[in-house]
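Undergrad: predicted model, plus sequence, below.
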Amino acid sequence: MMEHADALLPIDVPPPRPARRLAAVAIALMILGAALCALALRNQHDRSCFAVGWLWAFCFVVSISLGSLFFLALHYLTHSIWSVVVKRVADMLAASLWLTPVLFIPVALFVLFPNRFDLFPWLGDHGDHEIHVRREYLNAPFFLARGAACVLLWSAFAWHFVRRSVRQDRADAAKSLASLLRMRAVSAPFMLVFAVTLTAASVDWLMSLEPNWISTMFGVYIFAGFTVTGLATLALATVWLRATGRLPRSLVSDGRLYSFGGLMFAFVSFWGYIAFSQYMLTWYANLPEESFYMVERAGGRWLGVSVALALVRFAIPFLVLLPRRAKMSPRLLVATSLLLIGGQLLDLYWLIARPYHSAGPAIGWQEVGPLLFCVGLLGLFVAWFVSRYPMVAAGDPMMEMSRRFRET
Amino acid sequence: MTRGDSILAPAPLIDGRLSPRQLDDDIYRPLESFPTFRWWIAISITGSLAGLFAFCLYFTVSRGIGMWGNNQPVGWAFDITNFVFWIGIGHAGTLISAILYVLRQTWRTSISRFSEAMTLFAVFIALQFPLFHTGRPWQAVFWLIPFPNDMSVYQNFRSPLEWDVFAVGTYGLVSLMFWYTGLLPDLATARDRARSSLARFLYGLASLGWSGSARAWRHYEKAYILFAGLATALVISVHSVVSFDFAVAVLHGWHSTIFPPYFVAGAIFSGFAMVASLVLILRKMFRLQHIVTLSHVELMNKIIIATSLMVAYAYAMEVFMSWYSGFGPEWFQTVTRATGPYAWAYWTTIACNIVAPQFLWLRRVRRSPWLTYPIVIAVNVGMWLERFVIIVVGLHRDSLPSSWGMFFPTWVDIGLLAGSFGVFLTLVLLFCRFLPTVASTELKAVTAER
Amino acid sequence: MDNVAVKPIGVVGLFDSPDALLGAARRFREAGARRWDCHTPYPVHGLDDAMGLKPTRLAWVTIPAAFLGLLAAVALTGGLSVIQYPIRIGGKPLFSWQAFVPIFFELFVLFACVSTMIAIIVFCRLGRWHSPLHDSDVMKHITCDRFAVAVQTGGEGEMSDADVRRILEQCGCSEIRPLVECEE
């Protein structure tokens, strides 16, 4: 870290302008997705597939937004300097958590009408006496209460951070500072809420799909994946905003991308470590009540998905990001980010779809519909955000310091 | 400077402005002045405890492992508890020197060298326990390391205990090399400051003729980054492997997938507590309060509270999952921990590891050495008991009530535990006497950059 | 120490700040100095470029060594567990890679670190305990707080003492001394 005493030129903040192409593509995706969803609602089989697809798409969008909110809170908690210049990008994606209460409604409907959607095996009367999980915990009202609490808390924290951040743009120095200190103070308790809500959500939405299976590591596994996805989307959005002139190149140099690359590398390694530990411990102890989860996914045609997961989420990005220069190359960073985002979709599919496709991995239009709709909605939100707010958090009191920061 | 700048500025590396020469004078003073009376008193106490350690080991080898209290069903007790405890202590050093280096946390410089040395001593002590548990430590090398032999008999590489040999062996060696690499320029400084020719000769020998050449620095800096990156991954792997000793087993209370990250967080937690409990004394003893400042104490305390919460998360997950699964034996294990004959250990662990550090939320406590001290001591106690609870409680109630039993430590067990602290503190005192406790070269570099 | 002969071999200039040293290093590089080096109490940013030093190749030692370690670990665990001493334990396959991964990883790191340590010693030319800087009585400044340029003079096609002294003076050198070597 080298700091130079010479004065910096004032930043010229590119004013917000509409992203028409992105909006058009997003609306097209949404219309197509909505049409497919509507078609899928017609009969029982399609409806069930649609429910699986919706959960998949919902968790995917949550992983992007929640991963970004975590990044934002970490930025405030650690008094991070380098990331101030990309703070608004994280603001934008974290703000998309406001969509999650809406996107959660269908999940709530799946739980309220188990006979029509048939998603969560612990619901309704399947006559399945094998399930020994606690009904005191997994029941419709409690599930809905937990889910609602999670999405509302996330939205509230996103509101807290993002609103203060955009207000800093026009506030005077003293107010900006007070606001920054307030956000730093809130970031620590947020981490506690984050740990609890993320664990509750991952148990409810993902682990309970195979209710007899438990893994104490599961929350950490989901956290690792969400963080990687958040970082990858942030890197992608940063490069896009820079290419479209919304983020000045003088502010976000290729050198600055190095920090993204470094963090991504760290969390890719972390995911590999967590995923391997969870798998190896289950494999080694070989207790039938828990090893079935891995056996199901390591046999037959599902083996391919598992191997692909290890390659896409760990081996390939690890090797690509290993050299120092790769972490600074925008092209490699974009390619790796796309790969990792694809990896998150694959991972969620691996977690969610296995019980419904025991013969082998399969994907139909019923599952694609919700994904198109949700991704389109996210895209539309991004288009709205960039048309409304500047992408440079010029009012942040740390901006000067961040601009002077040099990657060593 | 406006108000904002002074609040937002990163924590100072040292208090006040010191020239490099003044820094050296302060840092190398303990090496150059004759040891004080207090130092002699301290080392005679710790030395006696180290003697107790040696005596207990002698007793163990000459009379046999039966001198220890572990017996069916509790076949592992103080020995492995001490092993895990000391390995855990050994994690803070590498965390500070490697992970915080990778994260560009320059404040680490004031405490890095000392914690690295602490790591080495802790790993050295940790190794003694499994080594002596073999009963015949002088033969253990053939049992532990794949050594070609007439019988063509080799180790079981699927055994987590064999992984330990590789993990802890690698860790010890890499920590030593990393520490020595960092020490090289400081040894050269010590050499050029030395007044006696013997000291000059010895420091000179150890410094390998370091001359601060620009051609050497360029390789040196790269090597340091590479070491830091590798050590970061290594330090996480080591305690994960230690946790595998338990987690691969099919014993309720031992088999839990969260063990690897949970043990790593716990190791950092206990390691930082140990660093804090020693540094708080040493900075006073050697008059280094302006180099290891209150800001350092505060930052260490922040890491302690963060890792305390991670450990709390792991405790909570274990309890929650054992209940959620509706699987009888798991829940029985949880209930036994909280209400069984070792409930006192469990609740003390919770009080020391989870409750006590919560006071560190208050800035006033974080910045006060006097208020911090009882907390970090509590964490040291709590982390030892945590491993005791995992190991002994997991074993003492087997699946059949007929094979239930209790563990009672013998005086040899207690002597080894107390003695291990003696060995550790003796090594620390010798280190402070003969080697610079602060990375002076790096401190000069980072203060110059600021 | 009376019978020690002192042989002058060049000039050493001491600077009080790294910036002055950087300027001098640039000048000496342009002047085509041959046997010369800068000595600093801590690494100085930009000195490599000023001196025209190539980036280090240390990683070319570490990375291959790391993968060699990985191969060695596969050979060790696989060779001994499958060929040399095959025995089935805990119903696990003979080549149970899942259980060997910890050893793969540890040997990967071990080989990388040991090779890096050796590379430091070789690349930095450590293990030469004698240096003319000691004889010239400047080492104690270098390892404390001052920055030095040492230039050897008098060889074939090398700069003369006078040239070196002139450049040093122009660059704001605070102290100029002869670089000497003691001979018994």
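TA: Thanks, I have it.
Undergrad: use CA for all of it now, contacts and neighbours both
TA: Will do.
Undergrad: burial measure for A:G364, as a count.
TA: Here the number of neighbours of A:G364 (other CA atoms under 10 Å in any protein chain shown) works out to 11.
Undergrad: which parts of stretch C:74-94 are buried?
TA: Neighbour counts over stretch C:74-94 (16 or more other CA atoms under 10 Å in any protein chain shown) mark C:V74, C:L76, C:T77, C:G78, C:L80, C:S81, C:V82, C:Y85, C:P86, C:K92, C:L94 as buried.
Undergrad: and for the first one, nearest residue in space, chain neighbours not counted?
TA: So the one you mean is C:V74. C:F104 (6.6 Å; CA to CA, 6 or more residues apart in numbering or on different chains).
Undergrad: excluding chain neighbours, what is closest to B:R367?
TA: For B:R367, the spatially nearest residue (CA to CA, 6+ apart) is B:E298, at 5.2 Å.
Undergrad: hmm, I was thinking of A:E289
TA: Nearest non-adjacent residue to A:E289, counting by CA to CA, 6+ apart: A:W213, 6.8 Å away.
Undergrad: A:S250: how many residues sit nearby?
TA: Residues lying near A:S250 (other CA under 10 Å) number 10.
Undergrad: that one belongs to a strand?
TA: No. Using DSSP: H, G, I helix; E, B strand; the rest coil, the secondary structure at A:S250 is coil, not a strand.
Undergrad: how near is it to A:T238?
TA: According to CA to CA, to the nearest Å, A:S250 and A:T238 sit 13 Å apart.
Undergrad: same check on A:E210?
TA: 37 Å.
Undergrad: between the two, which one's more packed in?
TA: Comparing A:E210 with A:T238 by other CA under 10 Å, the one with more neighbours is A:T238, at 25 against 18.
Undergrad: low-confidence regions, chain C specifically.
TA: C:1-3, C:184 (pLDDT under 70).
Undergrad: please redo it, this time with the cut-off set to 50
TA: By pLDDT under 50, the weakly predicted segments of chain C are C:1.
Undergrad: centre-most residue in it?
TA: The centre of chain C sits closest to C:C124, judged by CA atoms, centre = their mean, with a distance of 2.5 Å.
Undergrad: contact partners for the residue nearest to that one when sequence neighbours are not counted?
TA: Spatial nearest neighbour of C:C124, excluding adjacent residues (CA to CA, 6+ apart): B:A216 at 4.4 Å. By CA atoms under 8 Å, 6 or more residues apart in numbering or on different chains, the contact set of B:A216 is C:F123, C:C124, C:R125.
Undergrad: what's the first helix or strand after the helix or strand harbouring B:A216?
TA: Per DSSP states H and E, B:A216 falls inside helix B:214-247. With elements assigned by DSSP H and E, the helix or strand that comes after helix B:214-247 is helix B:259-285.
Undergrad: and that next one, average pLDDT?
TA: Helix B:259-285 comes out with an average pLDDT of 92.
Undergrad: which helices and strands sit right next to the helix or strand following it?
TA: As assigned by DSSP H and E, the chain's next helix or strand after helix B:259-285 is helix B:294-324. Contact analysis of helix B:294-324 by 3 or more CA pairs under 8 Å, 6 or more residues apart in numbering or on different chains; DSSP states H and E lists helix B:259-285, helix B:328-339, helix B:363-366, helix B:369-388 as its packing neighbours.
Undergrad: with C:E181 as the reference, name the closest of those helices.
TA: helix B:259-285 (41.7 Å; CA to CA).
Undergrad: let me see the ranges of the helices in chain C.
TA: Using DSSP state H, the helices found in chain C span residues C:18-30, C:47-51, C:59-78, C:97-123, C:132-135, C:139-142, C:161-170.
Undergrad: hmm, back to that, got the buried residues for the helix holding B:A216?
TA: Per 16+ other CA under 10 Å, helix B:214-247 contains these buried residues: B:214-220, B:222-224, B:226-228, B:230-247.
Undergrad: that one versus helix C:97-123: what angle between them?
TA: Angle between the axes of helix B:214-247 and helix C:97-123 is 160 degrees (criterion: axes from the mean of the first three to the mean of the last three CA atoms, to 10 degrees).
Undergrad: give me the average confidence score over helix B:214-247.
TA: 92.
Undergrad: which residue is the nearest non-sequential neighbour of the closest residue to chain C within the stretch 1-150 of chain B?
TA: Per CA to the nearest CA, the residue of the stretch 1-150 of chain B with the smallest distance to chain C is B:P20, at 5.6 Å. Using CA to CA, 6+ apart and skipping the chain neighbours, the partner closest in space to B:P20 is C:D145 (5.6 Å).
Undergrad: that neighbour: neighbour count?
TA: Using other CA under 10 Å, C:D145 has 22 other residues around it.
Undergrad: same check on the one 5 residues further on?
TA: Summarising burial for C:A150: neighbours were counted as other CA under 10 Å, giving 23.
Undergrad: show me the contacts for A:F270.
TA: By CA under 8 Å, 6+ apart, the contact set of A:F270 is A:A224.
Undergrad: contacts only, for C:P132.
TA: C:L179, C:V180, C:E181, C:C182 are the contacts of C:P132 under CA under 8 Å, 6+ apart.
Undergrad: nice, that's everything, thank you.
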